[in-house]
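[1] Generate coordinates for the sequence data below:
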Amino acid sequence: MEVIMAHSPQAKGRVERRNGLLQDRLVKELRLAGISEVGAANRFLEQKYLPALNRQFTVNARSLVDAHRQGSWNLKEVFSREEARVVGKDWTVAWEGRWFQIHPQHEGLTLAGRKVVVRQLRCGTLQLVYAGTKLRWKELPQRPLKAAAGPRSVGRSTGLKPEPHHPWRKDGVGLGKAFWRSEKARGASVKRAQRQAAAASGKPSLRSGLPPAAAA
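    Below you'll find the predicted structure:
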């Protein structure tokens, strides 16, 4: 709700005249009637003061046509209390020590981590609203318990070895250290054969780029 200020002198004058009438004349009328109790003051206001005031100051409208239009809003929801809350990862909403579980049918809205509005009507009814959509929910008897984390593994993990026909073993990669030792030995033998072939053909050495005799 917000206050709409009267910035025009005409509107301001009407408000102040009405306030002055109620704050000055009504107080004097109550004193003259000897009324000092709230219940008696309300009865005096409804039965005597307001009827006399309306007879004296009421002006009939030029036209009896009702120009008021029905709004599309629900006044019960307009005059309500609203607070924003963040939806947890477990799709629960906490509000004033109470916990609400959102229905799974709203899964497409991906509400986890988003803000929803908790609306409390004057009659006490609660509503959960997201982007104008009223959500289905149920109240939990207590705070939901967090899922216990699994035991933390300490040390080296013992993984499962792949089967002999696994594609990882096709090229010998899965043989481990033995495979890489054989690959290293094979590479060394290839390089040694290349150096011997270069020395026999008189081509420059692979190390210095000079003929074998000069390199010696």
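[2] Check the offset of stretch 3-13 from the chain's centre.
    In terms of CA atoms, centre = their mean, to the nearest Å, the gap separating the centre of stretch 3-13 from the centre of its chain is 40 Å.
[3] What of stretch 39-56?
    The mean C-alpha position of stretch 39-56 is separated from the chain mean by 52 Å, CA atoms, centre = their mean.
[4] can you check stretch 119-132 too?
    If you compare the mean C-alpha spot of stretch 119-132 with that of the full chain, they lie 17 Å apart, counting by CA atoms, centre = their mean.
[5] Quick one: end-to-end length of that stretch, please.
    Using CA to CA, to the nearest Å, one end of stretch 119-132 lies 12 Å from the other.
[6] Just the residues contacting it, thanks.
    When contacts are defined by CB atoms under 8 Å, 6 or more residues apart in numbering, stretch 119-132 is touched by residues 76-77, 79-82, 93, 100, 102, 106, 109, 111, 114, 116-118, 134-135, 137. Just so you know, the C-beta spots here come from the backbone N, C-alpha and C atoms, and that holds for glycine as well.
[7] so of these, which ones are in strands?
    Counting by DSSP state E, the members of the contacts of stretch 119-132 that fall within strands are Arg81, Glu82, Val93, Phe100, Ile102, Val116, Val117, Val118, Lys134, Leu135, Trp137.
[8] any idea how far the residue lying closest to the fifth one once chain neighbours are set aside is from Phe79?
    The shortest distance from Ile102 to any residue that is not its chain neighbour, by CB to CB, 6 or more residues apart in numbering, is 4.6 Å, and that residue is Trp91. Taking CB to CB, to the nearest Å as the criterion, Trp91 is separated from Phe79 by 29 Å.
[9] residue boundaries of the strands in this structure?
    For the chain, strands defined by DSSP E occupy the ranges 81-86, 92-95, 98-102, 115-120, 126-130, 133-135, 137-140.
[10] Mind putting these into CSV with distance to Val65, mean neighbour count and mean pLDDT?
    CSV is the format used below for these (distance: least, CB to CB, whole Å; neighbours: other CB atoms under 10 Å; pLDDT from 0 to 100):
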stretch, distance to Val65, mean neighbour count, mean pLDDT
strand 81-86, 36, 11, 96
strand 92-95, 46, 17, 95
strand 98-102, 47, 18, 95
strand 115-120, 36, 18, 96
strand 126-130, 37, 17, 96
strand 133-135, 36, 14, 94
strand 137-140, 45, 13, 95
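[11] What segments of the chain are helices?
    When secondary structure is read from DSSP state H, the chain shows helices at 9-20, 26-32, 38-44, 50-57, 75-78, 177-201, 212-215.
[12] of all those helices, which lies closest to Lys161?
    Proximity of the helices of the chain to Lys161 was assessed by CB to CB; the nearest stretch is helix 177-201, lying at 14.5 Å.
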